[in-house]
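Asks: Turn this into a structure:
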Amino acid sequence: MLNIINDNIKVLAIVFSIFFAISMAYGQTPTLLSSSKDKNEEEKSLIDIDHSKWKLPQYINSEFKESITKKILPKGTILGKLLSENEEAPTIEILKNNKIVGYVFETFDWVQGLGYSRKPYHIIAGVDLDGKLIGVKLMWHTEPIAILGRTDEDLQNFLNQLQGLSINKGVSIVLGLSDSVLEGEKIAMRGTAGDSSELNPVDGISRTTTTSLLLNDAVMRAARKIARKKNILLAEKDLGVLLNLENFTPKNWDALLADGSITEKIITSGDLVNKFDLMLETKAPRKARLANAEKIWTKIYIAIVNPEGIGANILGRRWYDQYVVSGRNVDDLVVWIGFLGPASFYDKGKNYKESNPYNTIKLTQNNKIYNLKPLMYKYLPFHHAKDAPELIEQGLFYFSREESFNPTAPIKLIYSILGDKKLEYEDNNIVNFEVEYILPEEYVNKDIAIIDDSYDWKNNWLNQIDIIILTIITICTAIFLLVFKDFIVKYKKVHAIVRTGFLLWILLWLGWKVGGQVSIIHLAAIIQGLYDGNGFAAFFAEPVVLLIGSAALISMPIWGRALFCGWLCPFGALQELLNKLAIKIGIKQKFLKSKIDLNMKYVKYFVLLIVATSFLYSFDIGLKASSVEPFKTAITFRFNAPLLALLWVSILLIIGLFIERAYCRFLCPLGAAFVILGKVRLFNFLHRRLECGNPCKACSPTCPTQAIKTNGKIDMNECFQCLDCQVMYFDKNKCPPLVAIHKKAKI
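Replies: Numbers count the residues shown, from 1 in each chain. Sure thing, here's the model as predicted:
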C-alpha cells in the first residue's frame, strides 16, 4: 500500500513540475532584449515604455537608442527627423550625406502584429529606398518559448535572416530535415501554391512554427505598408498601387455577402435540368433529374482576398498573413473559391496532373480565359469567417504577374457541369453557370492615374542627383564627339583611344553600375501611356533610363539611331569591345555577302512585328516576347540570370566575336524601332568623296556593320557612326583619292 502511495506521489510531483514549468513559461515576464542590462534593469526600463502611445519615439529616446542604431543603421548613416503626421504612425529618416536613404519604424505602431500569446511584438526595423530590409531588432515579446527550449537569442537570430531581403518578395519559412536519407533537405513550414520560385527561403525556429511565421509577418507587413506610404517602388505590378490593401473592418459572413466582398451563386437541380433540356443529345446528370427541382446542387462562393478587409475576415489573421501577405510577393493576386455542396469542382478520389487545367472551373475577363490548375491551388480545410456555413471544398488560387488579370474590373467564374454518362468535357455535352465578381469600391484606390502621377519623383531625383549629373555629362560627351568628330578622326590613335574609352564607360558605369539600359519594354510603355494616359510616373522612377531614352528620341532628326545605338547602348558597347578584343587576338572577321547581309538585316523588323503584336494583345505576353532582348541578362542582372537566358546571351556574344554587332544588325527590335523613328533624320554629317564607290571601295571593308553600299553611299539606317570610315577619309596614307591628291601636290 505504501509503495502505491509513494508511486502516486512521484507521479503527482512530476505532473506538478510540468504544470509549474508551463505556468512559468506562459506567464513569464515580457522580454525586453538588451545586450548588457541585468534582469531588474530590463524590467525597470520596460515599465517606462507607455504601451498606449507610439513606441518608436519612446525606444529611440530611451537608453536603448545606441543598441538600436548599432543594429539597424548601415555604415555611414545617421538618424534624421522623426516623421509623424496627424494620427499616422511615426518613422525616422535614415540619412547619408544629408540625403534620405531609408526609414526606421516600429512594427506594432504600423500593423499591431500579435504573437502566439496574442500579445504584441515590438520590433524595430529599417527599410531602404530600394525596398530592402536593412536591420531588424526584437525589443519586446511574451512568447512562451522557454518550455520549448528556445531563447530570445533564437528569435533575434531568426529575424537577422530578414536583413537584406527585398520586401516585394514573399518569405517562405523552411525547416531542415534530419532523416538520414533527407539530411540537408528543407521543407516549407506552411506550404503554399502557385509560383513560389521567387519566395525568399528563411530558416524557421524549430518547435516554434507559429512564432516564426508571426515574427516574419509583423516585419514584412509593416515594411510594405511604409514603402507604399513613402512611394518606394516595390514592383511594377504591386497590387498596393491599385488596391487599398490595409482597409480593415471586422465583418461576419452576412456582411461580406451584403457588401459584395463575397459573391454567392446558388445552383439547383432544376436549374441544371432546364439548361440541359435545351440540348438535343445530352441529358442532365441522373442525380439532378431524380431530385426535387428546388434541391441545391451546389452553392459557389468567390472573393479576391488580397485586401485585408476581405482576406482577414474570411481566412483569419494568421492564414491571411501567411498565405496572402508576408508569404507571397506583392504582385501575386489571390482568389478564394468555396463550394457549399453537395457538388464540388473536382473529385478528391481522382489524381490530377498539376499543370492540366481543371475542366470544371475557369475565370474570364474581357473575353480572355484564365485557366485554373492544381498547381495554383492551395486547399484549406476550413475558414475563419464568423457565422459562416461549413463548406465541403475551399481554397486559394494564386495568379503570378505573368498570368494575372485586372482585379479592379469585373471577372466571371465559369462553372461547367458534364452531361449524363459523358466522360470528356466538350462544348456539346456541358452546361455553364456564370458567377460575376466585382471587387467592392472601398478596396479600389480612387483616381489610379492621379495616384501614379503623385509619385514623389522629385525627391527620387534629388536622391540620385550625382548619377543624373553624370548621365547628362555622358550624353553631352557623346553629342560633343559626334559634332566635333573631325578633330578626332584625323588622328587614328586618338579616335581608337576615345572610342574604346567611351564604350568602356558606357558598359561599366552606365550599364553595369547604374542600369541605364533602354529596352523595347520602355518604348512599349511610352506608347501604352500615350494610349491610356496612365503610367508615365513610372518613368520618373528611372531617371537614367528616362534621360538616355529622351536623348535618343530627341536626336532622331539629327543622327537617327546613331546616338543611342552607336554611343549610348551598354549592350552594343559590350559587343563592340568583345569584337575589338577578338580582332586583337587574331579571330578572323566574317563579312557577309551584300545580299545575305541585306536579307539578314530585315529579320529585326520581323522580330519587332512579333514583339509589338504581343504587346498589343497583352502587355504581359509582350514582356515574355521581349525576352529576345539580352539586355536584362547581360546588363541589368550582370549575367546573374537563369541558365537559358545565359545560354541565349552567350550565343549572341560568341557570334559577335566573328560578326561585329551581329545582334544589333540582325535581331534587335529596339534597333528596328529606332530605324523607323530615324526616318525623320534631316542631316548627314559623314564626309564622302565623288570617287567613293566608283571607282574607290577602300572604305567598305572598314565599316564593321557593312553599312556602306556598293555605290559608296552610306545606309544611315544601319550606320552607328562609329566613325571608322571617317578615319579612313582623312588618312593620307590609306584613302586612295587623298593619296592621289597628295602625290599631285608633291609634283
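Asks: From the chain's centroid, how far away is stretch 282-296?
Replies: Chain-centre distance of stretch 282-296: 48 Å, with CA atoms, centre = their mean, to the nearest Å.
Asks: right, and the secondary structure at residue 133 would be what?
Replies: At residue 133 the chain is in strand, as set by DSSP: H, G, I helix; E, B strand; the rest coil.
Asks: Let me see the confidence value for it.
Replies: pLDDT recorded at residue 133 is 92.
Asks: quick one: it and residue 230, what's the gap?
Replies: Applying CB to CB, to the nearest Å, the value for residue 133 to residue 230 is 14 Å. No exception for glycine: its C-beta is placed from N, CA and C like everyone else's.
Asks: Kindly report the same for residue 655.
Replies: From residue 655 over to residue 230 (counting by CB to CB), the distance is 45 Å.
Asks: With residue 603 instead?
Replies: 45 Å.
Asks: same question, residue 649
Replies: Residue 649 is 35 Å from residue 230, by CB to CB.
Asks: Looking at those two, which is more packed in?
Replies: Remark: of residue 649 and residue 230, residue 649 carries more neighbours, 23 against 16, as counted by other CB atoms under 10 Å.
Asks: which stretch of helix or strand covers that one?
Replies: When elements are assigned from DSSP states H and E, residue 649 belongs to helix 643-658.
Asks: Now do that helix: which elements does it pack against?
Replies: Contacts defined by 3 or more CB pairs under 8 Å, 6 or more residues apart in numbering; DSSP states H and E place helix 643-658 against helix 570-584, helix 662-666.
Asks: For residue 526, which of the ones you listed is the nearest?
Replies: With CB to CB as the criterion, residue 526 lies closest to helix 570-584 of the helices and strands packed on helix 643-658, at 19.7 Å.
Asks: Next secondary structure after the closest one?
Replies: Using DSSP H and E, the helix or strand that directly follows helix 570-584 along the chain is helix 594-601.
Asks: Touching that following helix from outside, list them.
Replies: Contact with helix 594-601 is made by 592, 665, 666, 706, 710, 718, as judged by CB atoms under 8 Å, 6 or more residues apart in numbering.
Asks: residues contacting the nearest residue to the last one once chain neighbours are set aside?
Replies: Taking CB to CB, 6 or more residues apart in numbering as the measure, residue 718 lies nearest to residue 707, with 4.1 Å between them; neighbours along the chain are not counted. Residues touching residue 707, when contacts are defined by CB under 8 Å, 6+ apart, comprise 714, 715, 716, 718, 719, 720.
Asks: do residue 563 as well
Replies: 478, 479, 482, 551, 552, 555, 721.
Asks: next one: residue 706
Replies: By CB under 8 Å, 6+ apart, the neighbours of residue 706 are 591, 592, 594, 597, 665, 700, 718.
Asks: again with residue 128
Replies: Applying CB under 8 Å, 6+ apart to residue 128 gives the contacts 74, 94, 101, 102, 134.
Asks: Touching, the second one and residue 81? I think so.
Replies: No - with contact defined as CB atoms under 8 Å, residue 94 does not reach residue 81; the gap is 10.6 Å.
Asks: More neighbours: the two, which one.
Replies: residue 94 (25 against 10).
Asks: Look up phi and psi at the more buried one.
Replies: Note on residue 94: its backbone torsions stand at phi -110, psi 120 [degrees, to the nearest 10].
Asks: got the contact list for it?
Replies: By CB under 8 Å, 6+ apart, the neighbours of residue 94 are 73-74, 77-80, 100-104, 126, 128, 134.
Asks: Throw these into JSON lines and include distance to residue 421, thanks.
Replies: JSON lines is the format used below for the contacts of residue 94 (distance: CB to CB, whole Å):
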{"residue": "73", "distance to residue 421": "71"}
{"residue": "74", "distance to residue 421": "69"}
{"residue": "77", "distance to residue 421": "72"}
{"residue": "78", "distance to residue 421": "76"}
{"residue": "79", "distance to residue 421": "74"}
{"residue": "80", "distance to residue 421": "73"}
{"residue": "100", "distance to residue 421": "69"}
{"residue": "101", "distance to residue 421": "68"}
{"residue": "102", "distance to residue 421": "65"}
{"residue": "103", "distance to residue 421": "64"}
{"residue": "104", "distance to residue 421": "67"}
{"residue": "126", "distance to residue 421": "64"}
{"residue": "128", "distance to residue 421": "63"}
{"residue": "134", "distance to residue 421": "64"}
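Asks: Drop anything exposed from those residues.
Replies: Buried by 16 or more other CB atoms under 10 Å: 73, 77, 79, 80, 100, 101, 102, 103, 104, 126, 128, 134, out of those.
Asks: For the first one, which non-adjacent residue is spatially closest?
Replies: Take residue 73 and drop its neighbours on the chain: the residue closest to it by CB to CB, 6+ apart is residue 94, 6.4 Å away.
Asks: Could you give the bridge partners of that neighbour?
Replies: residue 79, residue 102 (DSSP bridges).
Asks: what's the spacing between the closest residue in space to residue 722 that isn't next to it in sequence and residue 723?
Replies: Nearest residue to residue 722 in three dimensions, chain neighbours excluded: residue 566, at 5.9 Å (CB to CB, 6+ apart). Plainly put, residue 566 is 9 Å away from residue 723 if you go by CB to CB.
Asks: just residue 556 next, same as before
Replies: Per CB to CB, residue 556 is found 19 Å from residue 723.
Asks: Below-threshold pLDDT in the stretch 551-700 of the chain: ranges please.
Replies: 619-620 (pLDDT under 70).
Asks: Show me the one of the helices and strands packed on helix 643-658 that comes nearest residue 462.
Replies: Ranking those by proximity to residue 462 (CB to CB) places helix 570-584 first, at 25.0 Å.
Asks: Helices along the stretch 451-600 of the chain, start to end?
Replies: Ranges of helices in the stretch 451-600 of the chain, per DSSP state H, counting those that start in this stretch, are 457-463, 465-483, 486-489, 492-505, 520-532, 537-540, 543-554, 556-559, 562, 570-584, 594-601.
Asks: Let's have the ones you listed in a markdown table, adding mean neighbour count and distance to residue 262.
Replies: Formatted as a markdown table, the helices of the stretch 451-600 of the chain follow (neighbours: other CB atoms under 10 Å; distance: least, CB to CB, whole Å):
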| stretch | mean neighbour count | distance to residue 262 |
| --- | --- | --- |
| helix 457-463 | 14 | 38 |
| helix 465-483 | 16 | 48 |
| helix 486-489 | 17 | 70 |
| helix 492-505 | 15 | 58 |
| helix 520-532 | 17 | 31 |
| helix 537-540 | 18 | 33 |
| helix 543-554 | 19 | 42 |
| helix 556-559 | 19 | 53 |
| helix 562 | 26 | 59 |
| helix 570-584 | 20 | 49 |
| helix 594-601 | 14 | 57 |
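Asks: nearest to residue 334, of these?
Replies: Checking the helices of the stretch 451-600 of the chain against residue 334 by CB to CB gives helix 537-540 as the closest, at 23.9 Å.
Asks: what is the mean pLDDT for the closest one?
Replies: Averaging pLDDT along helix 537-540 gives 56.
Asks: do the same with stretch 191-201
Replies: Stretch 191-201 comes out at a mean pLDDT of 76.
Asks: could you measure residue 503 against residue 412, distance?
Replies: From residue 503 over to residue 412 the distance is 54 Å, taken as CB to CB.
Asks: Could you do residue 463 as well?
Replies: For residue 463, the distance to residue 412 - CB to CB - is 44 Å.
Asks: Also residue 727?
Replies: Taking CB to CB, one finds residue 727 at 65 Å from residue 412.
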